[in-house]
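Trainee: need a structure here:
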Amino acid sequence: HTEVWDRFFRMNLDDRERMLSDILVVETTVQNGIHETAADVKEVEFIRGRAENGDRTAQYNLGLLYLNGQGVPKNIEAGSLMILKSAYQDYTPAYYMAGKLFYDGLGVQRDHVVAYAYFNLAAADSTGLTEAEWAREMRAYMERHSSRSIVAQGQKVTREELRGAHKKPQPKPAVMKDNK
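Mentor: Now for the predicted structure:
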């Protein structure tokens, strides 16, 4: 416990606020003792450092931590942003999760066209990733339950993305939780 607080007081003032909120969340959620708290804080710091350096896997993992409030304060917007940063780097699991974020309107404005496009991008992965299979299932679900217009527009966005005609679909701020 002392080691974590020692590091806290030695660090830059700008970084203290972020670490303090992380420490407090971890301390309240870890049930097996102080050593695990310190280990969790170090792990979050490691992932955050890699994410800030552009590592797409770390961005994805940090996004999941924020979305679920695991080891960091729950922050849907920060989690969504990290997932999208990872997706912008062509990471299949992030494509799938971005589809879910846009489908549900979680941290971004609900947009089923963009959701379909992200599911389509993830579904194109042929390396055997579970997220690609989930994306194929969500794409099929949307094809059965969404309007033809949404599917056609989503396919167009995917084609443009695959041709490199434009940047990945950009998030719009979430206006309210239940926007449809």
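Trainee: Tell me how far Ala140 lies from Tyr88.
Mentor: 25 Å (Cβ to Cβ, to the nearest Å). The C-beta positions use only the backbone N, C-alpha and C, and glycine is treated the same way.
Trainee: per-residue confidence averaged over the helix or strand harbouring Tyr118?
Mentor: Following DSSP states H and E, one finds Tyr118 within helix 112-123. Over the span of helix 112-123, the pLDDT mean works out to 94.
Trainee: What are the buried residues along the following helix or strand past it?
Mentor: Proceeding C-terminally, helix 112-123 gives way to helix 130-145 as the next helix or strand, assigned by DSSP H and E. In terms of neighbour count (16 or more other Cβ atoms under 10 Å), helix 130-145 has its buried residues at Glu131, Ala132, Trp134, Ala135, Arg136, Met138, Arg139, Met142.
Trainee: What lies in contact with helix 130-145?
Mentor: Defining contact as Cβ atoms under 8 Å, 6 or more residues apart in numbering, one finds that helix 130-145 is touched by 92-93, 95-97, 99-100, 103, 112, 115-116, 118-126, 150-151, 154.
Trainee: for Ser80, what are its contacts?
Mentor: Gly63, Leu67, Leu101, Leu106, Gly107, Val108, Pro171.
Trainee: got CSV for these, with neighbour count, distance to Arg48 and pLDDT too?
Mentor: Compiled in CSV, the contacts of Ser80 are given as follows (neighbours: other Cβ atoms under 10 Å; distance: Cβ to Cβ, whole Å; pLDDT from 0 to 100):
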residue, neighbour count, distance to Arg48, pLDDT
Gly63, 27, 11, 94
Leu67, 23, 15, 91
Leu101, 29, 20, 95
Leu106, 18, 21, 93
Gly107, 23, 18, 93
Val108, 25, 21, 93
Pro171, 19, 20, 51
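Trainee: Could you pull out the helices in the chain for me?
Mentor: Ranges of helices in the chain, per DSSP state H, are 2-10, 13-29, 34-52, 56-68, 76-87, 92-104, 112-123, 130-145, 148-163.
Trainee: what's the average pLDDT for the shortest one?
Mentor: In other words, helix 2-10. Mean predicted lDDT for helix 2-10 stands at 59.
Trainee: Please apply the same query to the fifth one.
Mentor: With pLDDT averaged residue by residue, helix 76-87 scores 94.
Trainee: buried set for it?
Mentor: Along helix 76-87, the positions that meet the burial threshold by neighbour count (16+ other Cβ under 10 Å) are Ile76, Ala78, Gly79, Ser80, Leu81, Met82, Ile83, Leu84, Lys85, Ser86, Ala87.
Trainee: So the third one is in contact with Asn61, correct?
Mentor: No. Gly79 is beyond contact range of Asn61, at 10.5 Å (criterion: Cβ atoms under 8 Å).
Trainee: That's all I had, so thanks and see you.
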